[in-house]
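Q: have a look; sequence and predicted model below, questions after that.
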Amino acid sequence: MIAQPIKPQIPAINRLHFGAAYYPEHWPSDRLEEDILLMKQAHVSVVRMAEFAWSQLEPRAGIFTLDWLDRAIHKLADAGIVSVLGTPTAAPPAWLVEQYPEMMAVDEYGRRVQFGNRCHYCVTSPEFHQAVQRIIGALGERFGSSPSVIGWQLDNEFNRVCYCERCKQVFHEYLREIYHSLDVLNEAWSTAYWSQTYTDWSQIPLPIGSHNPGLKLAHHRFVTRSYRSFQRLQIETLRPYLHSEAWITHNFMTWFGAFDHYEMSADLDLASLDYYVGKGHFDYHIGGASIDAVRGYKQRNFWLMETQPGHVNWQTINTALNKNEGRALAWSAISRGADAVMYWQWRPALNGQEQLHGSLIDQSGQPRPFFSEASRLGREMERLSPLLANSHVKAQVAILYDFDSRWSIESQPHHKDFNYIHLLENYYQVLASKNLEVDIISADVPIFDYRLVIAPALTILDEDRVAKFKEFVRRGGHLLLTARTGVKDRNNAFLPYRPPGPLASLTGVEVEEFYALEEPVPVTGNWFNGNSELWAERLRILADRVAVIARFGRSNGWLDGQAAITVQVLGIGHVYYVGVQLDEIAQYEFFSHVLKSANLRGRETPDGVEWRTRVRMNGQEVHIIINHSQSTKSMVLPWPAYEHLSNQIIPPEVQLGSYAVAIITQEKE
Ligand code: GLA
């Protein structure tokens, strides 16, 4: 069992970085100089290399060919470009797979994964672990002390869940460690139901498809544990070689749900994100949430390790971002705490699965049209780095993101469209449209510095969570709980109460029944009207001081006229219970009022214009205003400002052209 996280370092990130994923191994070595010239033109300050280069670094077991990478690191460093190195473990080479066929993962249908793509390894394979330690040891020994290698990315987008016999055995060991005895496990999972009682650990399957909720949740935690152990093995192998400033990260995917990202991040120095729009356009009301979420993994700034230069290659239609949209997206990420923006990738290989993906340089070696937009961003980031480095986002609102609750609901959605992340976004969107900063954080960290905490569908409760919420409200916090709160314990078993179980004294209501909806149900509120579209809960009021904010209109009879949304005021603390998922307009009206009562007003901007703020160490606020639309927008600033991209004082009436970005600080009047 991993009790304590490895003590991570707090990375000293003293500048903003701009760059791309670079694969010198795909091109003749004499190309390097020309690439570096182009990188200088684009103001590239960092490249990420080697994360898929295992076969080029160790062409045969124990035989290392690291000179090409050494040369690239040095030549780049001579040009003032630093490197982030990936451990190449997401792409185990053919010779290794041939040597240890059983290190290949097995899919849900019992088929061994074929060689030829990536992430084909089984995360618990000891033979693979040995090979990983060997390659990481060699890389660490050669490059770990190099000051030009500022950071390391472990693997690439951990993602595969393996169903091999070994993983099953390791799962059994894990369960033994957690439950100690089968009696405890049988009780916790209610295995008397459908005769599931286990008399030997070896009888417990790896769950595929519909299964016992206790087993499913335990398996999710096991997947987290497996990746965390693997990641830890990499950290422990690498760290001893690294100079004191070097940091270690992993590049997570947006909202990826196979493991708990908070747990994984606990051992890392820095969290980083791969963010792609894919098809369509960047909508900060939604996309912003997945970027903010990464800041929450370590409750600090992060790196945008990959983003799209124009278009991707894996969507149904790989549309390109509009001209200047990519730059606006990048500034939006920076405004949310990204300290680096890196494009994937510099140049495509002539062959291989990702030929058609966007890049900065094309197959002929020439800059693509997007190159000039990226170069502009690089120049701007370089120039504004002294202003923005070491500044942070300060939020008064937190949304709790809980993997256990998400998994619990995903395994029993009850309505095909009930989606934990969509519910979270339902609240985020309103906050984004009011330009309110928001932290998306684990449900298990302190919340006392926030004014408002939203806990979407926090189905899984334990004593610590309950105690924390009670204390938060006692101190005057505003707490918003939604449908599907407080239903289950840590084993995914029902709490033997009506929801929200031990939170009923805080909410002053209990849920008598829940209804998955085929037809929207009308909801009439004190200051809004609308519909609940897919979920409705019939609430029973438990205390006189509970105020009903909204009631259901006519629908299935059971709900007609019943309370749908309530608030209980306790001292100066407020507790909302929202037993519905409102349509967008009603949600905006309802939630705006909640924000107002919590004295959270945000900032007004024209439609499609976002305004976010980073705060410098000396308390100075740097405001980043972005027009995410193609039309010109006018707005009036509350004070005279200095605009840092154009280096001038600007009048309060501002015109923001299509995808314009303004970075301002307040001028003394
Ligand atoms: C992921 C991977 C990259 C690349 C991009 C393409 O994020 O990490 O290696 O495949 O997708 O969009």
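A: Yep, it's here.

Q: which strand or helix spans whichever residue of the stretch 401-550 of the chain sits closest to the ligand?
A: When scored by CB to the nearest ligand atom, the stretch 401-550 of the chain has residue 421 as its residue closest to the ligand, at 18.6 Å. In this view, the C-beta of every residue, glycine as well, is placed from N, C-alpha and C. Secondary structure from DSSP states H and E places residue 421 in helix 420-433.

Q: what stretches of the protein score poorly on pLDDT?
A: For the chain, residues meeting the criterion pLDDT under 70 lie at 1-4, 669.

Q: around the ligand, pick out the residues from it.
A: Within the chain, the positions lying close to the ligand (CB under 6 Å from any ligand atom) are 156, 157, 274, 276, 306, 312, 344, 354, 357.

Q: residues making contact with the helix holding residue 421?
A: With contact meaning CB atoms under 8 Å, 6 or more residues apart in numbering, helix 420-433 is reached by 255, 284-286, 288-289, 292, 397, 399, 401, 405-406, 409-410, 438, 440, 454, 456-457, 480, 482, 581-582, 584, 587-588, 591-592, 595, 602, 610.

Q: the helix or strand following it - contacts with which helices or strands?
A: Counting by DSSP H and E, the next helix or strand C-terminal to helix 420-433 is strand 438-442. When contacts are defined as 3 or more CB pairs under 8 Å, 6 or more residues apart in numbering; DSSP states H and E, strand 438-442 sits against helix 284-298, strand 397-401, helix 420-433.

Q: can you list the strands that strand 438-442 pairs with?
A: Sheet pairing of strand 438-442 (DSSP bridges) gives strand 397-401 (parallel).

Q: now the very next helix or strand once past the partner strand, how far from the chain's geometric center?
A: Downstream of strand 397-401, the next assigned helix or strand under DSSP H and E is helix 403-411. Distance of helix 403-411 from its chain centroid, counting by CA atoms, centre = their mean, to the nearest Å, is 16 Å.

Q: kindly report the same for stretch 51-66.
A: Computed by CA atoms, centre = their mean, the chain-centroid distance of stretch 51-66 equals 31 Å.

Q: any buried residues in that stretch, and which?
A: 51, 52, 53, 54, 55, 56, 57, 58, 64, 66 (16 or more other CB atoms under 10 Å).

Q: phi, psi for the residue in the stretch 501-650 of the chain positioned nearest to the ligand please.
A: Closest to the ligand within the stretch 501-650 of the chain is residue 628: 21.4 Å, counting by CB to the nearest ligand atom. When read as degrees, to the nearest 10, the backbone of residue 628 gives phi -90, psi 10.

Q: I figured it hits residue 327, correct?
A: No. Contact criterion CB atoms under 8 Å: residue 628 and residue 327 do not qualify, at 11.0 Å.

Q: of the helices and strands packed on strand 438-442, which stretch is the most buried?
A: strand 397-401 (a mean of 24; mean count of other CB atoms under 10 Å).

Q: identify all contacting residues around that strand.
A: Outside strand 397-401, the residues touching it (CB under 8 Å, 6+ apart) are 293, 296, 424, 427-428, 431, 436-443, 447, 450-456, 458, 600.

Q: what's the angle from that strand to helix 284-298?
A: 80 degrees (axes from the mean of the first three to the mean of the last three CA atoms, to 10 degrees).

Q: next, the angle helix 420-433 makes with strand 397-401.
A: Relative orientation of strand 397-401 and helix 420-433, computed by the same axes, to 10 degrees: 170 degrees.

Q: next up, the contacts around residue 292.
A: Residues in contact with residue 292, defined by CB under 8 Å, 6+ apart, are 336, 337, 428, 438, 439, 440.

Q: now do residue 72
A: Shown in contact with residue 72 (CB under 8 Å, 6+ apart): 22, 24, 32, 49, 83.

Q: and the residue of the stretch 501-650 of the chain closest to the ligand, how far from residue 280?
A: From residue 628 across to residue 280, the span is 13 Å (CB to CB, to the nearest Å).

Q: the two: who's more crowded?
A: residue 628 (24 against 10; other CB atoms under 10 Å).

Q: burial measure for the residue nearest to the more buried one when sequence neighbours are not counted, as a count.
A: In space, and not counting its chain neighbours, residue 628 is closest to residue 608: 5.1 Å by CB to CB, 6 or more residues apart in numbering. Residues lying near residue 608 (other CB under 10 Å) number 18.

Q: isn't residue 608 up against residue 625?
A: No. Contact criterion CB under 8 Å: residue 608 and residue 625 do not qualify, at 11.6 Å.

Q: which of the contacts of residue 292 lies closest to residue 614?
A: Distance to residue 614, by CB to CB, is smallest for residue 337 among these, at 7.3 Å.

Q: how close does the closest one get to the ligand?
A: Distance, residue 337 to the ligand, using CB to the nearest ligand atom, to the nearest Å: 20 Å.

Q: contact partners for that residue?
A: Applying CB under 8 Å, 6+ apart, we find residue 337 in contact with 292, 295, 300, 301, 302, 392, 393, 614.

Q: what do you get for residue 358?
A: By CB under 8 Å, 6+ apart, residue 358 lies in contact with 308, 309, 310, 311, 312, 313, 320, 368, 370.

Q: once you drop chain neighbours, what's closest to it?
A: Once flanking residues are discounted, residue 358 sits nearest to residue 310: 3.7 Å by CB to CB, 6+ apart.

Q: pull up the overlap in contacts between residue 628 and residue 327.
A: residue 659.

Q: for the chain, which helix is longest?
A: helix 213-238 (DSSP state H).

Q: picking that back up, from the contacts of residue 337, which land in helices?
A: Residues of these located in helices (DSSP H): 292, 295.
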